[in-house]
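Asker: Structure for the following, please:
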Amino acid sequence: MEFDQEIHPTAIVHPHAILHNNIKIGPYSIIGESVEIGEGTEVGNHVNIAGHTRIGKSNKIYHYSSIGEQPQDIKYKDQETFLEIGDRNTIREFCTLNTGTVEGNVKTVIGNDNWIMAYVHVAHDCIIKNNIILANSVTLGGHVEIDDYVVLGGLTGVHQFCKIGAHVITMGGTLLGSDVPPYVRAASRGGSSFPNGINSEGLKRRGFSVQAISDIKEGYKIIYMRNNSLEQAKKDLEKLKQSSKEVGLYLDFIERSKRGLIR
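Answerer: Have a look, this model is predicted:
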């Protein structure tokens, strides 16, 4: 079977690497032995793709990125771990995406339709879902989980094992050491993160109704503005959930939270 591929003569592609149709590999890029790259993906110049890395369809990886290298974890001892990248992602210059660890998920996962800007670091065992924007110099510690439609502002730093709920947005320079519930707008002051309302503008752009946004605001008030204990907040959210399916995301997230919610 003949493949339509554009591989620059200075690129080094291991003969065991799997490259699907309509691939472009730029000058001086290196593709390792256990790498698979899906149809229509473009790799810029000076990109290193290593490890057990599977990249889906129609991605674009810009220059000088390091994809699938070993995790920055001193416990790592050359075990077989993985990086999986979905479809239609944009990965800009100088990004570093590492494989997983046997102590974690064994794999790092990037979903579909994500926009990952320059100098972003995604550490081992992270799970990045879909339609997410990671602005310049975002840094994710190991085991971070990010749900759909999150926007992390430039220079946001996320502590290992933190979870970030769907539709969250952070201001630039936010430092997160606790979990961020869905819909929340987060910021930092003096090195500590705090909730600063909901991401109402993002919700409008994604077609949430006026009533749905109002219910989400009410859920935010239950969690953050009524001096409720978490247990009382869960009871009040359960009542609100009966008339608002969107509020259910709050409850699902609270059940998954391990590091506690930002306050």
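Asker: Please enumerate residues in contact with stretch 19-35?
Answerer: Residues from elsewhere that reach stretch 19-35 (C-beta atoms under 8 Å, 6 or more residues apart in numbering): 3-8, 10-14, 16-18, 36-55, 57, 63, 68. All C-beta atoms are positioned from the backbone trio N, CA, C, and that covers glycine.
Asker: what about 6 Å?
Answerer: Contact partners of stretch 19-35, identified using C-beta atoms under 6 Å, 6 or more residues apart in numbering, comprise 3-8, 10-14, 16-17, 37-50, 52-53.
Asker: Over to stretch 101-120?
Answerer: With contact meaning C-beta under 6 Å, 6+ apart, stretch 101-120 is reached by 71, 73, 76, 79, 81-95, 99-100, 124-138, 143.
Asker: that older thread, from the contacts of stretch 19-35, which ones fall inside strands?
Answerer: Of the contacts of stretch 19-35, the ones assigned to strands by DSSP state E are Gln5, Glu6, Ile7, Ile12, Val13, Ile37, Glu42, Val43, Asn48, Ile49, His52, Thr53.
Asker: biggest separation within the residues you listed, which pair?
Answerer: Between any two of the ones in strands among the contacts of stretch 19-35, the greatest separation by C-beta to C-beta is 24.8 Å, found for Glu6 and His52.
Asker: Have a look at these two and say which one is more surrounded.
Answerer: Per other C-beta atoms under 10 Å, whichever of Glu6 and His52 has more neighbours is His52, with 19 against 11.
Asker: OK, contacts around that one?
Answerer: His52 neighbours (C-beta under 6 Å, 6+ apart): Ser34, Phe82.
Asker: ok, it to Asn199 distance?
Answerer: 36 Å (C-beta to C-beta, to the nearest Å).
Asker: now swap in Val106 and tell me
Answerer: 32 Å.
Asker: Arg259 too?
Answerer: Using C-beta to C-beta, Arg259 is found at 21 Å from Asn199.
Asker: same check, this time on Gln79
Answerer: 38 Å.
Asker: the more surrounded of the two?
Answerer: Asn199 (26 against 14).
Asker: The more buried one against Ala187, yeah?
Answerer: No. Between Asn199 and Ala187 there is no contact under C-beta atoms under 6 Å: 11.9 Å.
Asker: Of the ones in strands among the contacts of stretch 19-35, just the buried ones, ChimeraX syntax please.
Answerer: Restricted to buried positions by 16 or more other C-beta atoms under 10 Å, the ChimeraX selection for those reads:
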select :7,13,37,42,43,48,49,52,53
